[in-house]
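A.B. asks: Here's a sequence, model it:
(chains A and B)
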Amino acid sequence: MQMVLEYAWLIPVFPLVGAILNGLLGKRLGKPFVSFVGVGTVAAAFAGAVATLLALRGTAGGVFTKDLFAWIPLGTPPGGGFSANFDAPVGYLIDPLSVVMVLVVTGVGLLIHLYSVGYMAHDPDYSRYFTYLNLFAASMLTLVMANNFLLMFVGWEGVGLCSYLLIGFWYEKESAAAAGKKAFLVNRVGDFGFVLGMLFLFSVFGTLRFTDINQSAQQFHQAGLLTTGMATLIALLLFVGATGKSAQLPLWVWLPDAMEGPTPVSALIHAATMVTAGVYMIARANALYALAPAASAVVALVGALTALFAATIALTQYDLKRVLAYSTISQLGLMFLAVGVGAYTAGIFHLMTHAFFKGLLFLAAGSVMHALGNKIDLREMGQLHRYLPATHRTFQIGWLAIAGFPLLAGWWSKDEILAGALHVQAHAWWASGPLLYGIGLVVTLLTAFYMSRAYYLAFHSNQRLDAHTEAHLHESPPVMTGPLWILAGLSAVAGIVLAGPVLLGRESLIGAYLHPVWEPARHILGHEAAHPPLPTLLGLMAVATAVALAGILAARRAYREPAFAAPEPAERRLGAWWRFFDQKWHIEQGYHALFVRGGTRLSDYLAGPVDQGSIDGAVNGIGRAVEVMGEGLRRLQGGYVRGYAFSVLIGVVVVMAYFVIR
Amino acid sequence: MSLPILTLLLIVPVLGAVVLGLFPRQSTGALKWGAVIVALVNFALSVVLWLRFNPAEPGMQFEENLPWIRALSFQMNYHLGVDGISLLLVVLTTLLMVLALLGSWGITDRVKEYVVTMLLLETGMLGVFLAADLFLFYVFWEAMLIPMYLLIGVWGGPNRIYAAIKFVLYTAVGSILMLVAIVALAWLHGQNTGVTAYDLDAVLPTRVPLAMQAWLFAAFALAFAIKVPLFPLHTWLPDAHVEAPTAGSVILAGVLLKMGTYGFLRFCLPLFPEATRAFAPLLAVLAIVGIIYGALVALVQSDVKKLVAYSSVSHLGFVVLGIFALNLQGLEGGLLQMVNHGISTGALFLLVGMIYERRHTRLIADYGGLWKQMPLFSAFFLIIALSSIALPFTNGFVGEFLILLGAFHANKAWAVFAALGMILSAAYMLWMFQRVFFGPLKNPANTGLADLNAREVATLVPLVILVFWIGITPRFFLNPVRPALQEVLLQYQSSPLSLSQAPAGARQPARPPLTRDRSLPVPAASAPRDARRALVLAHGEGALP
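C.D. replies: Reported below is the predicted structural model:
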């Protein structure tokens, strides 16, 4: 079994090879070849992931790490270092956390690759699509398998690149091209923080390896080499990177626009995998965050506020994909809330269940678009349950799972987060348990409401399709509905299988599996992550369930039967608030004015008055001054002997005068 | 005696130019291919040089030293040598020359003169990197200006005369001051030893009085800073680039700019260590201003070539910052980034040249939607653009990260501000890319454009290979470089005085002989910290008081 781990580096290499093959040959060899390579390589990676899961069980300590080759020689920081001379390696780390991530990425990734075969079947750029999608899979796997921060950053920027390329996949649409660029730039702002965080990390530890940093952070701390202030600074800088990649406040602006990309891309990259990278990174660096309680509190608060903020916007959207996008931002906020309060298992568990049900919801939305000829506006749908039975059933499961319907996947993971939030040892009043829990409950209510609203408007309510669309309505082919059903199955049972024992007062399966990964943080904090007693837990679950059901029922009454008419019920109730939410709290306009217009104006000023005016003006001015001086001096050389004789005379007089006076 | 490979590198292009001069004027194809072949021979020579280079040796290798001018106590030598600092630049020069010539098919006017000029330019540039005698260095430094001047002035764009004169005069101002400094150095050496020598071996151990160091450093630094170009001495560059023909831009950006940063490394650091230390913060800050300023100005350029020119100001700022971080990571990153910039920006100018030949415009607004029409061209452009914005696993990332790391060790604020360049470079590059390649193919003039032909692909493929080669296995390129850089640092660090500590004009004792010990001295301040760290690692936390 050790053999499997020795060759685990092949997992990201498979899709990379797929990307190269499809990129170089795809166009020539045709669609069957592209599909085979594109889906086949991810299937191979998935098989590798399963083999790794099995192989790791037999390994002592449940950790395996291996360097493939030395990459960048970083030397020794001036303050000495962990090791005398550190080369950032290209190497990978297999532990329960990376196994879970790899399984999610390759598993959900495989389903979405498969779905894409149907969804993109008629696109002329089929091979380019699969090239990018495979490249994404390779980058994402690099991100989650890397054994050090610098290689993680390779995957981190790599997924950003693929996101850029796939959002702008239909590049002839100006809005798609602009959205891709926006995503990349906003992520670069986050990466700026990530890079600085790495520089500080290296200057303290002299290494960027996860295992070294996690295991020795506490010793460095006690030895005074890593002060709490420094740990907080590093943790916050890395979190800046996470807010970019995972679309949290204040860098969330790119994700809604990212919906310009093909829908399977939204499902894979902008719901299930890439956007969760920030959560994964924090979980990976758990020792650092344990040493920086203030930073953890910031993570929790930012997560909670983002969850609330995005949920209010999701309420007002008519574009089904945008509802899901804001919902994703909101759910990611909950994951950050979880890792911020130290409930790492809950965060990763929610990451996983979210990958199932949100991936499902996006793919189902894609199926709706497929049926409606790319219409995605909720106002132009209604009664779809009659035409798209499979899409309807699967969407329904996904909707109930995210809304917190009892026993479905989201119910379990969200409850764990809420329980963790309530029992956090508060660092400050602004990140205290009751506050975070309260926000979490409001988010639960809003989530249940806006998801139900979207569901009823799309699949029930009155039929608002135009005649042309209605005539062309058709359910998607099996290659698309197949993945929908599999994801629906996972969304239904993942929670009960992985966390069911919690109801009996035992540790959940996922909790037991991931337990060793949080050992460094546990060691530093000196206690287990909060585990409320069973009665409390059941009570909390009952409250959350009641809140979720209330949200669902309220939306059902407002949207299921009545014919849709603007202003809709929620809009009438909320009034000015609705418009405020609909305007995204006016944040985006502010950014645009400040950074886009302000930046361009600054650049214009520098390029014009400063560069061409002052700087180059000075250069040309000196040139002109020399010219003028030359003109003046030219008169002295008139060519007349009497002129020269006169000059000689003056010279003689001056010299003589000098000697006389001296 | 073994093969004088360095002299061969200098002579082959000259001989090639002579032979091509005998070709009939009309046979332009033969002239162009002939020049490519000559350049290829020289490239092959430089590869042989690399293969036979001993990466463990810090000093000059393949040295050739012949007396050139001997007059009583006055010596100038024909002294050539190559070490880790110049090796990569020599290979870069010969490679880019091949590619620049391959990218010159658009030249139809005075082809014979053109190829002769290009080949003479190659000799001049290689001479600068190979010279191990200050005077010889100066000769090549100036000689190289002439073919470049002709290249811009004869084969350039509409405003070529203005640009060419600006380029030459600007550079000459710095060069003349440098000449004064060179003469002063040799004179100083003469004062000490009785022999006025220009040979680097002779001059290097000269202990320059501190008061004089500042002036000599300033003279050298001005010449180099203009060449780099360092903010605010950069305004000749956009003009020269916009007017130069494609090959001129490739060589200008790829090789000529590096002469400035090479000069800093080769001369300023070892010759004037105290002055270097005193001036380093100033130069580093100017470099950082250049990084941000160049990127911001690039953002609003409407001409692609001008955009790339300003991006060079930004990228070269990174190089200078790395050098004046004055530590191994910074120097390694700086040197690597010189090569990276040559590859990425050289490729960008080649690409812009290819589209210019088809459309005769470089205005971003004239394009849009090119991806549809020229997918191959677009894919190449994308890869190069990504390497230019330092995406990990491309060459640019390795260089920039090492520079940031070095700068961070020197001064944390430097790294913070320089890292802003990461965001800005993505902004101007991707915005330009969006406007040129994405969107609908609106302009009817673009609908008939042909995608790249085989020659053009062959021009670009080597550069793309290098982008990933350097990006993924940078050690292959850094290993031969490191000993020489460590030597530079060692020389620099063996002079612990600062300019302000010594009384003005005081003559310093001769520098102690260089030790051949490769290990750099550990700064004393960190010793207790290291001890504690070692304690922690050896015995665990319990060992600490």
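A.B. asks: which parts of the stretch 51-200 of chain B sit against chain A?
C.D. replies: B:166, B:169-170 (Cβ under 8 Å from any Cβ of the partner chain). C-beta here means a position set from N, CA and C on the backbone, and glycine is covered the same way.
A.B. asks: Give me the ChimeraX select line for the residues you listed, limited to the buried ones.
C.D. replies: With 16 or more other Cβ atoms under 10 Å in any protein chain shown as the criterion, this ChimeraX line picks the buried residues out of those:
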select /B:166,170
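A.B. asks: Now render the residues of the stretch 51-200 of chain B next to chain A as TSV, adding distance to A:Leu378.
C.D. replies: As requested, these are exported to TSV (distance: Cβ to Cβ, whole Å):
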residue	distance to A:Leu378
B:Lys166	61
B:Leu169	67
B:Tyr170	63
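A.B. asks: need the residues of the stretch 51-200 of chain B next to chain A in a markdown table with pLDDT, can you?
C.D. replies: Formatted as a markdown table, those follow (pLDDT from 0 to 100):
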| residue | pLDDT |
| --- | --- |
| B:Lys166 | 91 |
| B:Leu169 | 90 |
| B:Tyr170 | 90 |
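A.B. asks: which secondary structure element contains the residue nearest to the spatial centre of chain B?
C.D. replies: With distances taken as Cα atoms, centre = their mean, B:Lys258 lies nearest the centre of chain B, 1.8 Å away. Using DSSP states H and E, B:Lys258 falls within helix B:257-263.
A.B. asks: contacting residues around that helix?
C.D. replies: B:85-86, B:89, B:92, B:125, B:128-129, B:141, B:220, B:223-230, B:237, B:312, B:316, B:319-320, B:323, B:334, B:338, B:341-342 (Cβ atoms under 8 Å, 6 or more residues apart in numbering or on different chains).
A.B. asks: coming back round to it: what separation is there between the residue nearest to the centre of chain B and B:Leu282?
C.D. replies: 21 Å (Cβ to Cβ, to the nearest Å).
A.B. asks: ditto for A:Ser98
C.D. replies: Distance from A:Ser98 to B:Leu282, by Cβ to Cβ: 47 Å.
A.B. asks: ok, now A:Gly18?
C.D. replies: Taking Cβ to Cβ, one finds A:Gly18 at 51 Å from B:Leu282.
A.B. asks: repeat for B:Leu363
C.D. replies: 37 Å.
A.B. asks: Have a look at these two and say which one is more surrounded.
C.D. replies: It is B:Leu363, of B:Leu363 and B:Leu282, that has more neighbours when counted by other Cβ atoms under 10 Å in any protein chain shown, with 14 against 11.
A.B. asks: does chain A sit close to whichever helix or strand B:Met422 is part of?
C.D. replies: Taking DSSP H and E as the definition, B:Met422 sits inside helix B:412-437. Yes: Helix B:412-437 is in contact with chain A by Cβ under 8 Å from any Cβ, via B:415-416, B:419-420, B:422-423, B:426-427, B:430-431, B:433-434, B:437.
A.B. asks: The chain: strands as residue ranges?
C.D. replies: Since you didn't name a chain, this refers to chain A. With strands called from DSSP state E, chain A shows them at A:64-75, A:86-94.
A.B. asks: that's the other chain; I wanted chain B
C.D. replies: Going by DSSP E, chain B shows strands at B:61-71, B:74-82, B:196-197.
A.B. asks: Just checking: what are the partner strands of the first one?
C.D. replies: Spelled out, it's strand B:61-71. As defined by DSSP bridges, the strand partners of strand B:61-71 come to strand B:74-82 (antiparallel).
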